[in-house]
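A.B. asks: The following block contains a protein sequence and its predicted model.
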Amino acid sequence: MQLATCTWAEVESYLGHSTGIVLPIGSTEQHGPNGLIGTDAICADAIARGIGDATGGLVAPVLPVGMAQHHMGFPGTMTLRPSTLLSVFRDCITSLAQHGFRRFYFVNGHGGNIPVVQSAIAEVYGESGDRGLLCELRNWWLRPPVVALARELYGEHEGIHATASEVSLTQHVFPDYIKRVDMEPAPPAAMFFGDGAAFRRRFPDGRMGSHPGLSRPEHGKRFLDAVVADLAKDYEAFAAS
Ligand code: NI
């Protein structure tokens, strides 16, 4: 059930039996030579919709722009300052809480969002009094079934950014936008957060240790099915808690 295609009356009726909502959060940033700029938002949105379909949970519209300052050396990237993004998260939670939502389940597609959403959650808890709000953050690419499948399919070539798994997932969701680009595996990389120029100097084509030339849409379906099955169970327990 998608919030965007519900009426207010349907939302009011939903709140009669559940106070849970799934909130996909993404980013709009470069994803290497063959990865779509919208990769993180596309993945989070597809996974959240899958959770909604599997559980009957209500799914909010994806928040498509995140904290991507370190990707600003590449055209097309959009970023919100951490303070702006924190306010966006906080205001989204508090507006839904005003209507009676109490269980906020974030499905995140982008590592740069993690500290910001955690801070927003801390602020909401500080302001929420005793209304019983609970927020949970799930980073889909860190879930054990995803990690296991990425290791099986790509080994060390999964990488850290513009990963083979996330590119596969977008290829499954948008088969008409698969980009064929010749590439070698990127050299192994460690996590790095500099400014946009420093990031581009260190990672000239945008990849961090990945080889998304191995990505396939059929892999993407396996990633999506595995993570939706995992998170649907997790969401159901959370919404009922
Ligand atoms: Ni990504």
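C.D. replies: Good, I have the coordinates.

A.B. asks: Quick check: which element contains the residue in the chain that the ion sits nearest to?
C.D. replies: Closest contact between the chain and the ion, by C-beta to the ion, is at D40 (4.2 Å). For glycine as for every other residue, the C-beta is placed from the backbone atoms N, C-alpha and C. Assigned by DSSP states H and E, D40 belongs to helix 39-55.

A.B. asks: what packs against that helix?
C.D. replies: Judged by 3 or more C-beta pairs under 8 Å, 6 or more residues apart in numbering; DSSP states H and E, the packing partners of helix 39-55 are strand 20-25, strand 58-59, strand 103-108, helix 164-173, helix 217-240.

A.B. asks: The last one vs helix 39-55, what angle?
C.D. replies: Orientation check (axes from the mean of the first three to the mean of the last three C-alpha atoms, to 10 degrees): helix 217-240 against helix 39-55 gives 60 degrees.

A.B. asks: wait, what's in contact with the residue nearest to the spatial centre of the chain?
C.D. replies: Centroid-nearest residue in the chain: G109, 1.8 Å away (criterion: C-alpha atoms, centre = their mean). Contact analysis of G109 by C-beta atoms under 8 Å, 6 or more residues apart in numbering lists 24-27, 39-44, 47, 140-141, 166.

A.B. asks: Just the buried residues of stretch 145-165, please?
C.D. replies: For stretch 145-165, the neighbour count (16 or more other C-beta atoms under 10 Å) marks 145-146, 149-150, 153-154, 157-165 as buried.

A.B. asks: From the rest of the structure, what touches it?
C.D. replies: The contact list for stretch 145-165 (C-beta under 8 Å, 6+ apart) reads 30-32, 35, 39, 111, 140-141, 168, 185-186, 188-191, 203, 206-212, 214-215, 219, 222-223, 226-227, 229-230.

A.B. asks: Can I get it in CSV? Just the C-alpha atoms.
C.D. replies: What follows is stretch 145-165, C-alpha atoms only, in CSV (Å, rounded to 0.1, in the frame of the first residue of the first chain):
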residue,chain,number,x,y,z
PRO,A,145,21.3,-12.5,2.9
VAL,A,146,22.5,-9.7,0.7
VAL,A,147,26.1,-10.0,1.9
ALA,A,148,26.0,-13.7,1.4
LEU,A,149,24.6,-13.4,-2.2
ALA,A,150,27.1,-10.7,-3.1
ARG,A,151,30.0,-12.8,-1.9
GLU,A,152,28.7,-15.8,-3.9
LEU,A,153,28.2,-13.8,-7.1
TYR,A,154,31.0,-11.3,-7.0
GLY,A,155,33.5,-12.2,-4.3
GLU,A,156,35.9,-9.3,-3.7
HIS,A,157,34.5,-7.4,-6.7
GLU,A,158,31.4,-6.4,-4.8
GLY,A,159,33.3,-3.3,-3.6
ILE,A,160,32.1,-0.4,-1.4
HIS,A,161,30.4,2.1,-3.8
ALA,A,162,28.7,1.6,-7.1
THR,A,163,28.6,-2.0,-6.0
ALA,A,164,27.9,-4.9,-8.4
SER,A,165,24.8,-5.8,-6.2
